[in-house]
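Provided below are the primary sequence and the corresponding predicted coordinates.
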Amino acid sequence: MENKNLPAIEINNLSFSFQDQLVLDNINLTIRNKEFIGIIGPNGGGKTTLLKILLGLLKPNKGEVKIFGKSPAKNLKYLGYVPQYSNFDKSYPISVHDVVLMGMLGRTGFGTPLKKENPKVAEVLEKVELTPIINKQIGELSGGQLQRVLIARALISNPNILLLDEPTASIDSKSGKSFYDLLQSLNDDMTIVLVSHDIGAISRFVKKIACLNKTLIYHDSKEISVEMIEATYHCPVDLIAHGVPHRVLDESEHSH
Ligand SMILES: Nc1ncnc2c1ncn2[C@@H]1O[C@H](COP(=O)(O)OP(=O)(O)O)[C@@H](O)[C@H]1O
Ligand SMILES: [Mg+2]
């Protein structure tokens, strides 16, 4: 990366509407390099829309986003995207190897054919501890394995920023690194932005939390107040925070 002192992501006065529905209202957020931030908010709160704007797939009506100082289109190469795995069509007949290789599409220059047997596939599958299943069909995988495959697909282009949409912690790895440990070790090398409606799941992972429901509330820390949650979810806090409002959310409070 040219300038290591640049913030990884800057969101300035960002507003976005689908037709006449205002979905994101004047969002401001700066995410520094190597941060690990969680963005929580209810379903329909605009989380996926925000990620799509960061990826340049949707254009803001107002304001701007910058990825290492430039537009998403100019700096797409720095971004890795892990879509919600439950939306992924598992019936499609394709191997783990080929799904991961697809992460190179659009990154190697237009029309560049993908090399079969790309050594990077093996490398990223080792990172997510899926080497033994490289030749399996994706229809044979568990949800947790598919999630790791999608992470490997995002990693193959060497991103500096990893965006994860609604990953779940329901990971079945009985041996090897937990999903938590995997994200922590990836965070040594890259910025991580994880969005979820599930405050309990997310607060175990992240170092900082923002709340998003059309507007975004962020205090540059992991502390999250009753006011922040209520303003975001519009419902009583102990339903969401598992009866531990007004406290810093940490692993011990949410490992049930
Ligand atoms: N393609 C679309 N066309 C019109 N409205 C959309 C579209 N995608 C999402 N929306 C609406 O935008 C709002 C935010 O959606 P989304 O970003 O998916 O929220 P979240 O990911 O937080 O659940 C919702 O009200 C949703 O119905
Ligand atoms: Mg979503």
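Yep, it's here. Ligands and ions are numbered 1, 2, ... in the order given.

Let's see the helix or strand residue 227 falls within as CSV, backbone CA atoms only.
Element membership for residue 227, per DSSP states H and E: helix 226-233. Output in CSV follows, covering the C-alpha atoms of helix 226-233 (Å, rounded to 0.1, in the frame of the first residue of the first chain):
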residue,chain,number,x,y,z
VAL,A,226,-28.1,1.3,26.6
GLU,A,227,-28.7,4.5,24.7
MET,A,228,-26.8,3.4,21.7
ILE,A,229,-28.5,0.1,21.5
GLU,A,230,-32.0,1.4,22.1
ALA,A,231,-31.5,4.2,19.6
THR,A,232,-30.4,1.5,17.1
TYR,A,233,-32.9,-1.3,17.7
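
Would you mark the buried spots in that helix?
Under the neighbour-count criterion of 16 or more other CB atoms under 10 Å, helix 226-233 has 228-230, 232-233 buried. C-beta here means a position set from N, CA and C on the backbone, and glycine is covered the same way.

How far off centre is it?
On the basis of CA atoms, centre = their mean, to the nearest Å, helix 226-233 sits 22 Å off its chain's mean C-alpha point.

what's the answer for stretch 186-197, then?
Per CA atoms, centre = their mean, the centroid offset for stretch 186-197 relative to its chain is 6 Å.

Would you mind confirming that residue 219 makes contact with residue 228?
Yes: under the criterion of CB atoms under 8 Å, residue 219 makes contact with residue 228 at 7.5 Å.

got a list of contacts for the helix of greatest length in the chain?
If you go by DSSP state H, the chain has its longest helix at helix 143-155. Here helix 143-155 makes contact (CB atoms under 8 Å, 6 or more residues apart in numbering) with 80-83, 85-86, 88, 90, 96, 99-100, 102-103, 121, 124-125, 127-130, 133, 138, 141, 162, 164, 167-168, 170-173, 179, 182, 186.

Just those: which are in strands?
Using DSSP state E, the members of those that fall in strands are 80-82, 162, 164.

If you rank those residues by neighbours, which is first?
Within these, neighbour counts (other CB atoms under 10 Å) peak at residue 164, which reaches 26 neighbours.

ok, the residue lying closest to residue 15 once chain neighbours are set aside - how many residues close by?
Distances taken as CB to CB, 6 or more residues apart in numbering place residue 62 nearest to residue 15, at 4.1 Å, with adjacent residues excluded. By other CB under 10 Å, 13 other residues sit near residue 62.

residues in contact with residue 62?
13-15, 26.

Just the pLDDT for it.
In this model, residue 62 is scored at 98, pLDDT.

try the one 4 residues further on
As summarised for this prediction, residue 66 has a pLDDT of 97.

out of the ones in strands among the contacts of helix 143-155, which one sits closest to ligand 1?
Ligand 1 lies nearest to residue 164 out of the ones in strands among the contacts of helix 143-155, by CB to the nearest ligand atom, at 12.3 Å.

Just grab the bridge partners of the residue positioned nearest the centre of the chain for me.
The structure's the chain has its C-alpha centroid closest to residue 164; by CA atoms, centre = their mean the separation is 1.6 Å. Beta-bridge partners recorded for residue 164 (DSSP bridges): residue 82, residue 194.
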